[in-house]
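Peer 1: Can you look at this prediction? I've put the sequence above it.
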Amino acid sequence: MVITDIRDLERLARKRLPKIVSTYVENGGYEEETLRRNRDDLKAFSLVPRILNDVSERSLVCDMAGTHASMPIALAPVGACGLTYPNGEVEAAIAAKDAGVPFCLSTLSIATIEDVAKATRWPFWFQLYMMKEKRVTEALVERAYAANCSALVVSMDLHVRSQRHGEQKHGLEAPPKFNLPNIMDALTHPRWLFSMIRSKRRTFGNLIGLVKDAKSISKITKWLERQFDPTLSLKDIEWARSVWPRTLLIKGVLNAEEARQCIEHGADGVIVSNHGGRQVDGAVSTISVLPTIVDAVAGKGFVFVDSGIRSGIDVLKMLARGADGCLIGRAYLYGLAAMGRKGVLKALDIIRTELDQNMALCGVRDIKQLPAGLMVESRQSLPTFSH
Ligand SMILES: Cc1cc2nc3c(=O)[nH]c(=O)nc-3n(C[C@H](O)[C@H](O)[C@H](O)COP(=O)(O)O)c2cc1C
């Protein structure tokens, strides 16, 4: 099969993964309205090409929160990424290093912070979920610091867990159901099954040694269910600032006033995100609120964005709306699930090529200097005929 776009990687991933895992990757909260809205709203914008600029010399390089990146992309934190491919987080982190973009490791990864640090020997970002058990949160921050992580990404949008119908229907809950349909599902996907049998780790690696019985997936998922902390607020950003001297980013911001507050209370930037449509269903799309957040931050911090990005054209649109850079979740996860490290590199290559070609076609030489008027809402671009 000739792989031309992220959709091809998605199709290949769906073939290799058992239904329970592909559902985990793909599904969104409740009726998945926000999941769809992220895509629909991206499509509702149109680029306005320019044809009179010499674009023979082009640059995609930029500053991604202190990382000199080859393009304005970072790999978003993905929990249990290593369930899609053996040693998945390490494979993705090496691919990110090879492609010259930041990798962000989730608190709920299968590989540990130390596994990734040892394999890459390159600074990566660490995403923190603040647990109710503060000693666990503190220990994770200390380990991320010791592992030379260059940025701490505090995700604030999972203080209460949303409901995902797809996961519930497939028994992906706490504890996960190992019932006959799920066993049959695994057995009928032998490529995934046999690769996972060889996998070094099968539970949330970072929690082993910190939480009793963390090796038992059913016990650790039950423990996790009790750890979502609805008290999260600005005081937690202040706490993170007091213990983390390097770059601090707050993820899950959708409100302009809150973005301003995050920066005022010490964050170096925000990540505009609705968790890829996995939390509040009916929430705004990220592209729709982006300009208000860019205005509120007013150049005092980074504004990154994710949710719904599946191509370099989507990246260009997010940048035209004012973002400093984009995170991609499923777009790289499909590549990883389909082909491991090679698949992540393929996903990044696809996005890089699309971004480069389309910025050239729009008359842009430097990704950091997008002209005004590069994009309009599609409705506005419709010609009006007068008779
Ligand atoms: C399977 C999956 C697991 C995720 N796990 C985490 C996580 O552990 N921490 C986090 O902050 N965000 C997590 N996210 C959200 C991503 O970081 C990111 O916000 C989202 O994937 C962006 O949307 P996209 O998938 O449409 O690119 C997860 C997303 C997916 C798809």
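Peer 2: Yep, that arrived. Residues are numbered from 1 along each chain as shown.

Peer 1: rest of the way, CA atoms for contacts and neighbours
Peer 2: OK.

Peer 1: Could I get the CA-only coordinates of the one helix or strand A337 maps to as CSV?
Peer 2: Assessed by DSSP states H and E, A337 sits inside helix 330-339. Taking Å, rounded to 0.1, in the frame of the first residue of the first chain, the C-alpha atoms of helix 330-339 are listed here in CSV:
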residue,chain,number,x,y,z
ARG,A,330,-3.7,10.5,17.2
ALA,A,331,-1.9,11.5,14.0
TYR,A,332,1.3,10.0,15.3
LEU,A,333,-0.4,7.3,17.4
TYR,A,334,-1.8,5.8,14.2
GLY,A,335,1.7,5.7,12.7
LEU,A,336,3.0,4.1,15.9
ALA,A,337,0.2,1.5,16.1
ALA,A,338,0.7,0.6,12.4
MET,A,339,4.5,0.4,12.2
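
Peer 1: Tell me the helix or strand right after that helix.
Peer 2: Taking DSSP H and E, what comes next after helix 330-339 is helix 341-361.

Peer 1: Name the SS class of G277, please.
Peer 2: The three-state assignment at G277 reads coil, by DSSP: H, G, I helix; E, B strand; the rest coil.

Peer 1: Number of residues surrounding it?
Peer 2: 27 (other C-alpha atoms under 10 Å).

Peer 1: quick one: it from the ligand, how far?
Peer 2: 7 Å (C-alpha to the nearest ligand atom, to the nearest Å).

Peer 1: Against L336, how distant is that residue?
Peer 2: 20 Å (C-alpha to C-alpha, to the nearest Å).

Peer 1: that older thread, is the ligand within reach of the helix holding A337?
Peer 2: Yes. Among the residues of helix 330-339, 330-331 lie within reach of the ligand under C-alpha under 6 Å from any ligand atom.

Peer 1: Which residues outside that helix are in contact with it?
Peer 2: With contact meaning C-alpha atoms under 8 Å, 6 or more residues apart in numbering, helix 330-339 is reached by 6, 9-10, 12-14, 16-17, 25-26, 75, 81, 84-85, 88, 91-92, 309-310, 341-348.

Peer 1: If I take it and helix 341-361, what angle do their directions form?
Peer 2: 140 degrees (axes from the mean of the first three to the mean of the last three C-alpha atoms, to 10 degrees).

Peer 1: wait, what's in contact with D63?
Peer 2: 69, 72.

Peer 1: again, only this time at 10 Å
Peer 2: Contact analysis of D63 by C-alpha atoms under 10 Å, 6 or more residues apart in numbering lists 69-73, 101, 302, 324-325, 368.

Peer 1: Can you say which two of those are spatially most distant?
Peer 2: S70 and F302 (17.1 Å; C-alpha to C-alpha).

Peer 1: Could you list which of the contacts of helix 330-339 also contact the ligand?
Peer 2: Of these, the ones that also sit near the ligand (C-alpha under 6 Å from any ligand atom) are 25, 309.

Peer 1: Now restrict the contacts of helix 330-339 to buried residues only.
Peer 2: Neighbour counting by 16 or more other C-alpha atoms under 10 Å classes 6, 9-10, 12-14, 16-17, 25-26, 75, 81, 84-85, 88, 91-92, 309-310, 341, 343-348 among the contacts of helix 330-339 as buried.

Peer 1: if we can go back for a sec, out of the contacts of helix 330-339, list just those in strands.
Peer 2: Residues of the contacts of helix 330-339 located in strands (DSSP state E): L75.

Peer 1: rewinding a little: compare the contacts of D63 and tell me which is most surrounded.
Peer 2: I73 (29 neighbours).

Peer 1: which non-adjacent residue is nearest it?
Peer 2: Among residues not flanking I73 along the chain, C326 sits closest, at 5.0 Å (C-alpha to C-alpha, 6 or more residues apart in numbering).

Peer 1: ok, now which ones touch G28?
Peer 2: Here G28 is in contact with 34-36, 162-167, 275-281 (C-alpha under 10 Å, 6+ apart).

Peer 1: Let's see that with 8 Å instead.
Peer 2: Neighbouring residues of G28 by C-alpha under 8 Å, 6+ apart: 34-35, 164, 166, 276-279, 281.

Peer 1: Ok, S22 next?
Peer 2: S22 neighbours (C-alpha under 8 Å, 6+ apart): 13-14.

Peer 1: That one: what secondary structure?
Peer 2: Secondary structure of S22, per three-state DSSP, is helix.

Peer 1: so T34 touches T286, yeah?
Peer 2: No. Between T34 and T286 there is no contact under C-alpha atoms under 8 Å: 9.7 Å.

Peer 1: Of the two, which one has the most company?
Peer 2: Legend: neighbour count by other C-alpha under 10 Å for T34 and T286, higher for T286 (30 against 27).

Peer 1: Let's see the pLDDT reported for the more buried one.
Peer 2: If you check T286, the pLDDT there is 98.

Peer 1: right, and I51 touches A360 too?
Peer 2: No. If you go by C-alpha under 8 Å, I51 and A360 don't touch, sitting 9.0 Å apart.
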